[in-house]
Structures are given as structure tokens and as C-alpha cells.
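> could you look at this predicted model? Sequence included:
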Amino acid sequence: MMYRIALTSLALVLATTLLEAQPVDQRRTISVTGEATMDVQPDKAEVRIGVVTEGMDITKIKADNDRRVRAIFDALQRIGIAKKDIATTRLQISPVYEYTSGRRNLVKYQMQNAVTITLTKLDNVEAVVNEAVASGGNTLDQLTFLRSNSEQLRDSLQIEAARNARTRADALAGALGAKVLRPVSISSNTHDNGGNFIVRGARSLNADAMQSTPVSGGTLDLSATVDVIFEIE
């Protein structure tokens, strides 16, 4: 008797497994896209600013570059920026050539030293840019506004978008007299239209023209979409 019960249980498990493994009839599915958006205020900024020096004497351009970068570090610390929030993100010396009549001629050497300053007080962004330029900085590579808990916000947006997908599926199927069953395919995407990239790519800066740089973080636009295919009956 116990042997027969075991066989019967095994048969039920196999039957259930086979049933679940059967492909879904695509004619009995509905495909919808759920959406969710959120506007948030940034609470963090990253400024990448640096010094580019050029010339034929590598020793001289390095000494000039080092002096100006040290001046930037000192200026930033004077306005309350901690050392841990200042990181070197580019340090490079490279030759610059020009090509004439198929020949390569050395024109100059170029040294680049860029630092990224992380700020949690957005009111300091303007002061950081102005002080860095006044101290010898001549390139502004990037200014980015961020949200420190963006990952949690994206997770909540995906959940909201999934619920929106179910609501849309129920509405569409209900209008046609159908009933929504289980989801058979789920694909999600998140979009960050914020980050508010105020500056992208290296920009040359001039201290006389940068006495005061008004900066605004604006808002960060976060959005998520979830594509779901539901089985219907």
C-alpha cells in the first residue's frame, strides 16, 4: 500500500511539473507597459575641475601644474572641503604632435591633472568652482547633481510601475470580457533623466570670466517602465 501511495505521489508531482512546463498560448496573453515617475531634489554634487599646462619643457610644465593643483587643494580646504572629499581622477602627461607632409612633428607636451570634489552641501558648489578657478584651475570637466538614495528610489519606482502594469492589464482585459492570470514575462527599465549634467566634456575656464558662477541643481527626473506579458482567460 505504501508503495502504491509513493507511486501515486510521484505521478502527481510529474504531472504538475509537466503542466507548468507547457508553453503559454501566445493567443491568450496580453502585453502591457507600466510606468512610474518621480521628481526629487538632489542632495549631492560632484565637481571635476583641473589644470592643464603645456610647453616643450616637461619639467617646467609639471612644476607649474603641481603648484596650481596644490593651490586648489589649499583653497578648497580653506572653505571647509575635507581632504576625503577631494580625489584625483586624472593625471596624465602626453606629447602633442602635428602631421605635415606625412611626417610627425612634436609640437609640445601637455599635462592634465583633474580632481573630483564631492559635496553634500549644494550651497558650496558655486564657491568650489570660483575658488578652484581663482587658484589656477582652467578646466571644468563635469558638474553632476545626484541623489544619495537613488537606488532605493529606483526600486520603489519599479514596484509602482509593476502595479501600474497590472492595473492597465486588468482594465484592458476587463473591457474585452477577459480575466488576467499570472505574469509570464517581466522586463524592467529605469531611467535617470536627472544627474543634471550641467557641464560635459572639458571646458576651458578663465578666471576673469568666472568671478561668480551661479549654479542650480534643479530637480532629478527618475522614471521606470515595466513590460509585462500576462496570461488571460
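Sure, I can see it. The structure displayed is predicted, hence computed values, not measured ones. Numbers count the residues shown, from 1 in each chain.

> would you map the strands across this protein?
29-40, 44-55, 86-100, 103-119, 139-146, 180-192, 199-204, 220-232 (DSSP state E).

> pLDDT of the shortest one, averaged?
When you say that, I think you mean strand 199-204. What strand 199-204 shows for mean pLDDT is 37.

> ditto for the longest one
Strand 103-119 shows an average pLDDT of 96 in the prediction.

> quick check: phi and psi at Gly137.
phi -70, psi 140 (degrees, to the nearest 10).

> thinking again about what came up before, between the strands of the chain, which gets the lowest average pLDDT?
Among the strands of the chain, strand 199-204 scores lowest, with a mean of 37.

> now stretch 225-233: buried residues?
225-226, 228-232 (16 or more other Cβ atoms under 10 Å). Heads up, the C-betas are built off the backbone N, CA and C, glycines and all.

> dump the residues you listed into CSV; add distance to Lys179 as well.
Shown next, in CSV, are the buried residues of stretch 225-233 (distance: Cβ to Cβ, whole Å):
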residue, distance to Lys179
Thr225, 24
Val226, 21
Val228, 16
Ile229, 15
Phe230, 10
Glu231, 10
Ile232, 6
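
> now the top helix by length along the chain: mean pLDDT?
For the chain, the longest helix by residue count, based on DSSP state H, is helix 150-175. On average, the pLDDT along helix 150-175 is 94.

> give the buried residues for that helix.
Per 16+ other Cβ under 10 Å, helix 150-175 contains these buried residues: 150, 153-154, 157-158, 160-162, 164-166, 168-170, 172-173.

> can you check stretch 73-84 too?
73, 75-76, 81.

> give me the contact list for it.
86, 115, 117, 119, 124, 127-128, 131-132, 134-135 (Cβ atoms under 8 Å, 6 or more residues apart in numbering).

> now the longest helix of the chain against strand 44-55, angle please.
120 degrees (axes from the mean of the first three to the mean of the last three Cα atoms, to 10 degrees).
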